[in-house]
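In: here's a sequence, model it:
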Amino acid sequence: MIASVRGTVIDMGAAHVVVECAGVGHLVTVTAKTAGTLTRGEEGFLLTTLVVREDAMTLYGFASPSERDMFDLLQTVSGLGPRLAMAVLQVLDPADVAAAVTAGDGKRLQTASGVGKRMADRMLVELKDKVAVFAAPPAASADGAGTGDGAVRPGAGAKGPAADVDQVVGALTGLGFREQEAAAAVDEVLAADPSLDTSAALRASLKALGG
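Out: Predicted structure coming up:
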């Protein structure tokens, strides 16, 4: 099994990258968010899972162990294959999936392309007792509770877009867009909907840029 690849990123798109290792180019299927962590012409590193089917051998790449673990877990759901698992990770982080399953929020799961109500309901049932390990740690409250020292962290309680603007712009420039046009697109989509999280802002920005 190919557990990871490290080498020069020689080609990339919204759903794939090619990483050259020892003269061999490995085509790796990734989410746009993961592609955004890499830069064409520079060294990149991805954790990977090789999925073997009768008609294909596909290498899937991830930026973190939790993403790869969630990719594997999602495929334990009846009828949910690797492509749909990647569609889920395209819009939801592992912690987001865990939160949706724990809360019984099928509509949030349906934001992934290809996940309808029936599949979302199946995910809620079959993943219910398996996602605790992916849950995000409790956030610190405005009065400092949960920080361990009673101090209010910088920016606590601050209002603003849920999206990490720098991460979205970085992802877009990694996909080949100029920084100026990427920043303008992100500003535009967040002005239209300030509640967008990072994944949603990236998708909306790609659409605005025609990607």
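
In: low-confidence ranges, this structure, go.
Out: For the chain, the stretches with pLDDT under 70 are 137-162, 174-175, 211.

In: so what's the residue lying closest to K128 once chain neighbours are set aside up against?
Out: Closest residue to K128 apart from its sequence neighbours, by CB to CB, 6 or more residues apart in numbering: V101 at 6.2 Å. Quick note: C-beta positions are derived from backbone N, CA and C, even for glycine. By CB atoms under 8 Å, 6 or more residues apart in numbering, V101 lies in contact with 109, 123-124, 127-128, 131.

In: what do you get for R122?
Out: Contacts of R122 by CB under 8 Å, 6+ apart are 77-80.

In: are we agreed that it is in a helix?
Out: Yes - judged by DSSP: H, G, I helix; E, B strand; the rest coil, R122 forms part of a helix.

In: what about it, distance to V101?
Out: 11 Å (CB to CB, to the nearest Å).

In: Q110 now?
Out: 13 Å.

In: ditto for V125
Out: 9 Å.

In: neighbours of the closest residue to Q75 other than its chain neighbours, how many?
Out: Leaving aside its sequence neighbours, Q75 sits nearest to A85 (CB to CB, 6+ apart; 5.4 Å). For A85, the neighbour count with other CB atoms under 10 Å is 22.

In: was I right about A85 contacting L74?
Out: Yes - A85 is within contact range of L74, at 4.0 Å (criterion: CB atoms under 8 Å).

In: just the element for V125, please.
Out: helix 117-127 (DSSP states H and E).

In: now that helix, how far from the centre of its chain.
Out: The chain centre lies 20 Å from the centre of helix 117-127; the measure is CA atoms, centre = their mean, to the nearest Å.

In: what ranges does this structure have for its strands?
Out: For the chain, the strands defined by DSSP state E cover 4-12, 16-21, 24-29, 43-53, 56-62.

In: how is this protein carved up into domains?
Out: Domain ranges of the chain: 4-62, 65-134, 165-210, per the TED database.

In: how close does E42 get to T8?
Out: Distance from E42 to T8, by CB to CB: 7 Å.

In: out of these two, which sits in the more crowded spot?
Out: A count of neighbours by other CB under 10 Å puts T8 above the other of E42 and T8, at 14 against 9.

In: pull the contacting residues for the closest residue to the more buried one other than its chain neighbours.
Out: In space, T8 comes closest to E20 once its chain neighbours are excluded; the distance is 4.9 Å by CB to CB, 6+ apart. E20 makes contacts with 7-10, 26, as judged by CB under 8 Å, 6+ apart.

In: now swap in E126 and tell me
Out: By CB under 8 Å, 6+ apart, the neighbours of E126 are 76-78.

In: can you tell me which of those are buried?
Out: Buried by 16 or more other CB atoms under 10 Å: V77, out of those.

In: could you dump the contacts of E126 to CSV with distance to S199?
Out: Rendered in CSV, the data for these read as follows (distance: CB to CB, whole Å):
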residue, distance to S199
T76, 23
V77, 20
S78, 25
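
In: for the contacts of E126, which one is nearest A192?
Out: In terms of CB to CB, no member of those lies closer to A192 than V77, at 33.5 Å.

In: residues in contact with that closest one?
Out: So V77 contacts 119, 122-123, 126-127 (CB under 8 Å, 6+ apart).
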